[in-house]
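> curious how this folds, go ahead:
(one chain, ligands or ions: 4)
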Amino acid sequence: MRAMRTFQGRGAAGACLLAAAFGWAGCSDSGGGGTGGTSGGAAGIAGTTGSAGTTGSAGTTGSAGTTGSAGTTGSAGTTGSAGTTGSAGTTGSAGTTGAAGTSGTAGRGGTTGAAGTTGTAGRGGTTSSAGTTGSAGRGGTTGSAGTGGAATTAVTFTTRTLSTQHYAEGADVGDINGDGALDLVAGPNWYAGPNFALGGTVIANPPTFTMNEYSKFFLTFVDDVSGDGRPDLITVGDAGGANATGNPNAYWYQNPGPAGLGQPWPRYPIISGLVANESPGWVNVAGDAKKELLFIWCETTSANGACPSGRIGYARPGTDPTAAWTFTPIGGSFSTAWVHGLGAGDIDGDGLPDVMERTGWWQQGATGTWTRRAFEFWMGSTTGRASNWGGSQMYAYDVNGDGNPDVVSALSAHGYGLAWYERAGTGAAITFTARQILPTAAGTGNFSQLHATQVADVNGDGLPDVITGKRYYAHPASNADPGTTDPAVISWFELQRGTGGAASFVQHVIHSDSGVGCNFAARDVTGDGKVDIFTTNKHGTYLHVQQ
Ligand SMILES: [Ca+2]
Ligand SMILES: [Ca+2]
Ligand SMILES: [Ca+2]
Ligand SMILES: [Ca+2]
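Ligands and ions are numbered 1, 2, ... in the order given. Now for the predicted structure:
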């Protein structure tokens, strides 16, 4: 573990009431994480991200959402609601300027607050002292921490290599065999928890590929499509269609139940034509509790990735999930299947998920209308072909704790750069200021090909962190990207907040010889409450277990 770089951003202060008004309802929608702190009390956690309470911190169900930290609904502790201005913990008020959880066993302070003075896991804010009697106190940027405990609880990972073959580039988790333990799904292969030996395959004899070939499983999502309570697989192949996958390129595989797991799973195409954009998301866009497949639909395609009438939108199954899913357009037009950068999150804070892509965002109205707002989320990372510009999975959450959701995105899935975009303004006047996390050029500690990104609270301090890495041979050697032969690193970027809307991300390397694929999982799969990271790509299949 090593901290490699810190980039500072500073934003507007004093917007705390915005969070109380509408900030976290929206994050709940986009994140899909656990509700926080309904039981509160002994483990009350509060602060600028509003996670709180015994059940509110990140964990098995806490921060599973794409953008949400735990406690996104904001109620916390026995006495109060959490959030930027909320109170939390058994007795302490928390938040931007508050003291937090002074008698709580896991009190966490706000930006300038003292925290967890008697807590066993007290964590301070940026300028505070923290956890003075805590056994695991963590200090802020300038704070002294945990005089009763370790000054800093280092986050470390042990990496397990599950395969050194290239099967797939999409990974997710779910309880495939229904035994109560989370299993790991890497394209066609699944590994049974808690030991993670190969549990089975969804197709017979899954093929392997070289690092210069594309697999047929670019992205993998696990969810119950059929409604029988068993988690199924949603898979998306190469968005170009011309390389390896063919047309259609997206399928769902029906979990046959424990007795049938030794056989190939029934497979159904999701929609005709190509599911395009290279980061389709399994996210909640529409106003129900279920997730949808967000993508660019190349309904009619021509050779070599051309997408004459591409529209951004989402698909979901109808009453018969084995029939073609229903596509709901958000807008157009997109002319290539290989465009990069896509995500959903409540940018304007009205509780409705909005949609982000590399050239702007689509604001969802109350009646299901969508309004395009232009913004270039690649921010100058324009090496290589124009289709390479733009990142991977995009997220919206309040990075700096001012109450406004911000955007996090890689800048180029085949080049360099990572940033958060600080939101200002409201409605049609919403603007963003780019805050660089990783630069757009090669350099020490930097890495290219950020083709998959996740957000999760890795260190359990209530602040959502960013995880990304190098997609090992994102393009083959015959079409090399910048830095193709550099080490295949995966890193997490620790979000730290300062006063007055300042925020910074501190890079920590998780592993230097594996990287990421097209999507991966950041969840606690070992049951200790600490976020683990599961990847599969052209380098192999890896489980990074947080210690
Ligand atoms: Ca299981
Ligand atoms: Ca919205
Ligand atoms: Ca913000
Ligand atoms: Ca964190």
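> report the separation between residue 348 and residue 376.
As for residue 348, its distance to residue 376 is 19 Å (criterion: Cβ to Cβ, to the nearest Å). To be clear about C-beta, it is placed using only N, CA and C from the backbone, and glycine gets the same treatment.
> helix, strand, or coil at residue 478?
helix (DSSP: H, G, I helix; E, B strand; the rest coil).
> interface residues of the stretch 251-400 of the chain facing ligand 3?
Taking Cβ under 5 Å from the ion as the criterion, the stretch 251-400 of the chain approaches ligand 3 at residues 398, 400.
> output the below-cut-off pLDDT ranges for the stretch 251-400 of the chain.
Counting by pLDDT under 70, the stretch 251-400 of the chain contains no low-confidence range.
> show me which of residue 348 and residue 376 is the more surrounded one.
residue 348 (22 against 15; other Cβ atoms under 10 Å).
> list the beta-bridge partners for residue 393.
Going by DSSP bridges, residue 393 is paired in beta bridges with residue 342.
> looking at it, it is touching residue 453, isn't it?
Yes: between residue 393 and residue 453 there is a contact under Cβ atoms under 8 Å: 4.7 Å.
> list the contacts for residue 185?
By Cβ atoms under 8 Å, 6 or more residues apart in numbering, the residues touching residue 185 are 171, 172, 173, 174, 176, 191, 220, 222, 233.
> ok, so of the residues you listed, who is nearest ligand 4?
The closest of the contacts of residue 185 to ligand 4 turns out to be residue 173 (Cβ to the ion; 19.7 Å).
> am I right that that closest one is in a strand?
Yes: under three-state DSSP, residue 173 falls within a strand.
> what's around it, how many residues?
26.
> one more: residue 227?
Count around residue 227 with other Cβ under 10 Å applied: 11.
> touching, it and residue 321? I think so.
Yes: shown here, residue 227 and residue 321 form a contact pair, counting by Cβ under 8 Å, at 7.4 Å.
> how about the residues of the stretch 51-200 of the chain by ligand 3?
By Cβ under 5 Å from the ion, no part of the stretch 51-200 of the chain sits against ligand 3.
> among the contacts of residue 185, name the buried ones.
Neighbour-count burial (16 or more other Cβ atoms under 10 Å) applied to the contacts of residue 185 gives 171, 172, 173, 174, 176, 191, 220, 222, 233.
> list the contacts of the last one.
Going back to what we said before, that points to residue 233. Counted by Cβ under 8 Å, 6+ apart, residue 233 has contacts 185, 202, 220, 221, 222, 252, 253, 255, 265.
> at 10 Å instead, please
Listed by Cβ atoms under 10 Å, 6 or more residues apart in numbering, the contact set of residue 233 reads 170, 172, 174, 176, 185, 187-188, 190, 202, 217, 220-223, 225, 251-255, 265, 267.
> mark which of those residues are buried, thanks.
170, 172, 174, 176, 185, 187-188, 190, 202, 217, 220-222, 225, 251-255, 265.
> could you tell me how many residues sit around residue 329?
Residue 329: 12 neighbours (other Cβ under 10 Å).
> list the buried residues in the host helix or strand of it.
Applying DSSP states H and E as the criterion places residue 329 in strand 326-336. Residues of strand 326-336 classed as buried: 327, 330, 334, 336 (neighbour count, 16+ other Cβ under 10 Å).
> list residues touching both of residue 393 and residue 453?
66, 279, 341, 343, 408, 409, 410, 413, 468, 519, 520.
> can you verify my assumption that the last one contacts residue 542?
I take that to be residue 520. Yes: counting by Cβ atoms under 10 Å, residue 542 is a contact partner of residue 520 at 9.2 Å.
> overlap in contacts of the two?
171, 186, 490, 533, 534, 535, 536.
> make a markdown table out of those and add secondary structure.
Shown next, in a markdown table, are the shared contacts of residue 520 and residue 542 (three-state DSSP):
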| residue | secondary structure |
| --- | --- |
| 171 | strand |
| 186 | strand |
| 490 | strand |
| 533 | strand |
| 534 | strand |
| 535 | strand |
| 536 | strand |
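> among those residues, which two are most distant?
Greatest spatial distance in the shared contacts of residue 520 and residue 542: 186 and 490, 14.9 Å, computed using Cβ to Cβ.
> settle it for me: which of the two has more neighbours?
Between residue 186 and residue 490, counted using other Cβ under 10 Å, the more crowded position is residue 186 (31 against 27).
> nearest spatial neighbour of residue 465, skipping sequence neighbours?
residue 458 (4.5 Å; Cβ to Cβ, 6 or more residues apart in numbering).
> now do the same contact list for that neighbour.
58, 63, 155, 157, 464-467, 492-495, 508, 510, 522, 530-533, 546.
> among these, which are in strands?
Among the contacts of residue 458, the ones falling in strands (DSSP state E) are 157, 465-467, 492-495, 508, 510, 522, 532-533, 546.
> spell out which parts of this structure neighbour ligand 1.
So the chain meets ligand 1 at 175, 177, 179, 181, 183 (Cβ under 5 Å from the ion).
> now the buried members of those.
Taking 16+ other Cβ under 10 Å as the criterion, what is buried in the residues of the chain next to ligand 1 is 175, 177, 181, 183.
> between which two of those residues is the distance greatest?
Farthest-apart pair in those is 177 and 181; separation 8.3 Å (Cβ to Cβ).
> list residues touching both of the two?
By Cβ under 10 Å, 6+ apart, residue 177 and residue 181 have these common neighbours: 192, 193.
> where along this protein do the helices fall?
For the chain, applying DSSP state H gives helices covering 16-18, 24-31.
> need the contacts of residue 185 in a markdown table with distance to ligand 2, can you?
Converted to a markdown table, the contacts of residue 185 look like this (distance: Cβ to the ion, whole Å):
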| residue | distance to ligand 2 |
| --- | --- |
| 171 | 29 |
| 172 | 26 |
| 173 | 28 |
| 174 | 28 |
| 176 | 34 |
| 191 | 37 |
| 220 | 28 |
| 222 | 26 |
| 233 | 30 |
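> so who does the residue nearest to residue 515 when sequence neighbours are not counted touch?
Of all residues not flanking residue 515 in the chain, residue 488 sits nearest, at 3.2 Å (Cβ to Cβ, 6+ apart). Contact partners of residue 488, counting by Cβ under 10 Å, 6+ apart, are 447, 449, 469-473, 511-516, 535, 537-540.
> again, only using 7 Å
By Cβ atoms under 7 Å, 6 or more residues apart in numbering, the contact set of residue 488 is 470, 472, 513, 514, 515, 539.
> got phi/psi on it?
phi -90, psi 80 (degrees, to the nearest 10).
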